[in-house]
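**Student:** Got a predicted structure here, sequence first:
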There are 2 protein chains.
Amino acid sequence: MTTRRSLLVAAWAAPLAAAAPGLLPGTLARPALARPALAQPALAQPAPAPLVERREFSFQGYTTRGGAAIPAIRTGYQTLGTLNAAGDNAVLVTHFFSGNGHAFGRLQPDGPAGWWDAIIGPGRPIDTDRYFVIASDTMVNLNAPDRHTITTGPASVNPSTGRPWGMSFPVVSIRDFVEVQKRLLDHLKVRKLALVAGPSMGSLQAIEWAVAYPEMVERVMPVIGTGEMDAWMLGWLDLWASPIRTDLAWRNGDYYGQGREAPLRGLAEALKLVTLHSRDRGWARQFGRRPAEGQDPARRMQDRFAIEAALDAAAMARARLSDANSFLYLVRANQLFLGEHEGLDAALAKAGGRWLVLPSRGDRVFPAEYSDELVAALRRAGRPVAQAVLEGPQGHLEGVVAIAQAGEAIRDFLAR
Amino acid sequence: MTTRRSLLVAAWAAPLAAAAPGLLPGTLARPALARPALAQPALAQPAPAPLVERREFSFQGYTTRGGAAIPAIRTGYQTLGTLNAAGDNAVLVTHFFSGNGHAFGRLQPDGPAGWWDAIIGPGRPIDTDRYFVIASDTMVNLNAPDRHTITTGPASVNPSTGRPWGMSFPVVSIRDFVEVQKRLLDHLKVRKLALVAGPSMGSLQAIEWAVAYPEMVERVMPVIGTGEMDAWMLGWLDLWASPIRTDLAWRNGDYYGQGREAPLRGLAEALKLVTLHSRDRGWARQFGRRPAEGQDPARRMQDRFAIEAALDAAAMARARLSDANSFLYLVRANQLFLGEHEGLDAALAKAGGRWLVLPSRGDRVFPAEYSDELVAALRRAGRPVAQAVLEGPQGHLEGVVAIAQAGEAIRDFLAR
């Protein structure tokens, strides 16, 4: 099921590209590896992504940061490279809202590469000849229905009842994601993270890591992220989620039984919002002002423009492979970012590590000024920090599909 | 019904302020006239807004730009000042998405002032001692249920059937709005517009005016606007509308009959999107990361943050006074902006007038770069143009509630 997997892990990154690659003649259709290989200037052709194996880690008895008990936690993960004897050459890569831990490598020889493969691998900026790189699936992962994603969330079976948790699953936060990752790293005998890095929601995890376990984190790289989940962002995240709650098929999250219809319409509308919000006008330009084929929106109310029809089709295809309740739990987890602290300064006063912050200039989700403020706060906290700005027409998405442009900055950061 | 009216005309401008003024201790709660009166530096106290009277204009037999017949058109309007003998001292003020023609003055002595009252009136930048100022309600007006708004759209009765048009009402465009305004101006014996000006959707009408009737327009002032409705904006407008179509109570627009429930939930979600999108983080800051009163979102999935609860309550209050189908028709009218032309350059090649373009730096709906591009296109077309940038924490909304800051620029523009 290579194709299906490709769609799932492309996720937030590129649901449109995955569902309808022909629609995207521009930058999105260009594989990251086809860019001039900043990471490998000496090679004429970049090496193909190495094979990786998806594994499962599970443990019994987790108490959430909010105090609720979850009897069992399962999480999927993958690694590349070798942990040294000191256990201090590890890199943790954390994923975005709709992604999973397939951040690098290929699962099959002919399968797609992971979403940050351009910067992770032998000889690449995050060099797996030198580092032991780990990426895992978060709790409440959106791709719960995907057979390659292993997660614990509302779509999982509650062992006490034998039925899916639905909305009785406890609230979890980004910090809970970090706690589960910490158990995984302990299990793998990792003692230090040479780097924790991720885009978007991955950046929130990286920041929480540096605050929760400062002694364990040597370097932190938040990409297309924010140091503050302010009221404006709380409101936007809620608006992303609202089409799901508005869909009557959602039934307060009780839609898992046989014969019940999942709230696909609401989930698709939610995914459309995420898709457009995480892009910019440069990406949309490919559609122009064309009507959808054979349609006439200037004369018929039910007719559509090309971009509307493309978003509709891609979002519905993606919705069938996602879980609506998990979307709601992810929204809440993001809203609770650094929620255990009085504010960003109070949180960063506890943080460790040297930092490289990578905003995207055209970001509409986490506008670049939020990264500027994160950098200022890190300076106030006495943390060593550098910033480099991603450029390009794809808004927020630059931090996933065009991360190769930061290859040299990342290489330098790791060399210091 | 002064209070109800205030809620309706505040509209896109300030549904939250209107529905729950206590929630808004900051800039939104401050009436525009309480600002230092740039317009009236010699006066210690600005004069109260003059009384205006709402009138109706109607005519038989309109054919839309798309070729559909509408048997009768009704539109509400108001004027202030006196038209001179030459008929060339008129100013047309065009309203935003959720507004109506109550742009200036008061309808009752104790009633609220219109949404641009800060710059329109005796001695103000648009000086009604000198100009005859007109503002009318657009077709397919969102405030169709408001007794002070007079409009023709899907909520109007189709004389051929005796029942509301619903989704059988023809598609109309911003250019159709202009055509109806042209009939009104002809009726009023206006021969020239010394100025056509409006914020947001009003800016689109002003630009269409300059392109459609170049010989009639002396000055054009698009505020928080755009010269191009590109694919990214087409997509956003569609996302604004989608909660209405997702609401099963919408019934393809057939909800006007007795005993039928209007799609209030979907309309409220749509209004929440408009509300947050047209603001910026500075506005949201008042809510902080507080939970809604008595709620605990860190532990209970159904619980809300303060900003979520405030948006919910305000949007539902506003939805009860709006019409869902009209929202859909307004979206389409905006999407069709300049749709009869090959592109912005082709349109502006036909345009007349001198121009003052007023973007808001923090605008998230029509980002300021779109105004920069409009200015560049006007220069290419050989049009005299100046630009001044609105500053402030309220994003798009600055162009409505904080327009007083442009008072001197507008005064200078009219003096030239």
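**Tutor:** Noted; the coordinates are in hand.

**Student:** Which residue ranges of the stretch 151-300 of chain A form helices?
**Tutor:** Per DSSP state H, counting those that start in this stretch, the stretch 151-300 of chain A carries helices over the ranges A:174-188, A:201-212, A:231-246, A:264-277, A:281-284.

**Student:** How far off centre is the second one?
**Tutor:** Read that as helix A:201-212. In terms of Cα atoms, centre = their mean, to the nearest Å, the centre of helix A:201-212 is set 12 Å apart from its chain centre.

**Student:** and what of the shortest one?
**Tutor:** On the basis of Cα atoms, centre = their mean, the separation between the geometric centre of helix A:281-284 and that of its chain is 21 Å.

**Student:** Any residue of the next helix or strand after it touching chain B?
**Tutor:** Next along the chain after helix A:281-284, taking DSSP states H and E as the criterion, comes helix A:306-319. Yes: residues of helix A:306-319 are located near chain B by Cβ under 8 Å from any Cβ of the partner chain, namely A:Ala306, A:Ile307, A:Glu308, A:Leu311. All C-beta atoms are positioned from the backbone trio N, CA, C, and that covers glycine.

**Student:** For the third one, list the residues it contacts.
**Tutor:** A:Glu308 makes contact with A:Ala292, B:Leu234, B:Gly235, B:Asp238 under the criterion Cβ atoms under 8 Å, 6 or more residues apart in numbering or on different chains.

**Student:** one step back: among the helices of the stretch 151-300 of chain A, which is the most enclosed?
**Tutor:** helix A:201-212 (a mean of 28; mean count of other Cβ atoms under 10 Å in any protein chain shown).

**Student:** Who are the packing partners of it?
**Tutor:** Here helix A:201-212 touches helix A:174-188, strand A:193-199, strand A:219-223, helix A:324-335, helix A:344-348, going by 3 or more Cβ pairs under 8 Å, 6 or more residues apart in numbering or on different chains; DSSP states H and E.

**Student:** In JSON lines, list these along with mean pLDDT and distance to B:Asn325.
**Tutor:** Output for the helices and strands packed on helix A:201-212, formatted as JSON lines (pLDDT from 0 to 100; distance: least, Cβ to Cβ, whole Å):
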{"stretch": "helix A:174-188", "mean pLDDT": "98", "distance to B:Asn325": "41"}
{"stretch": "strand A:193-199", "mean pLDDT": "98", "distance to B:Asn325": "40"}
{"stretch": "strand A:219-223", "mean pLDDT": "98", "distance to B:Asn325": "43"}
{"stretch": "helix A:324-335", "mean pLDDT": "98", "distance to B:Asn325": "27"}
{"stretch": "helix A:344-348", "mean pLDDT": "98", "distance to B:Asn325": "44"}
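
**Student:** and the stretch 301-416 of chain A, which residues reach chain B?
**Tutor:** Residues of the stretch 301-416 of chain A lying close to chain B (Cβ under 8 Å from any Cβ) are A:301-302, A:304-308, A:311, A:328-329, A:332, A:335-336, A:339, A:364.

**Student:** if we can go back for a sec, out of the contacts of A:Glu308, which is nearest to B:Thr161?
**Tutor:** Set against B:Thr161, the nearest of those by Cβ to Cβ is B:Asp238 (28.8 Å).

**Student:** Just give the nearest non-adjacent residue to that closest one, would you?
**Tutor:** Residue nearest to B:Asp238 in three dimensions, not counting chain neighbours: A:Glu308, with 4.7 Å by Cβ to Cβ, 6 or more residues apart in numbering or on different chains.

**Student:** what about the closest residue in space to A:Ala388 that isn't next to it in sequence, how many neighbours?
**Tutor:** Closest residue to A:Ala388 apart from its sequence neighbours, by Cβ to Cβ, 6+ apart: A:Ala409 at 4.4 Å. When neighbours are counted by other Cβ atoms under 10 Å in any protein chain shown, A:Ala409 registers 19.
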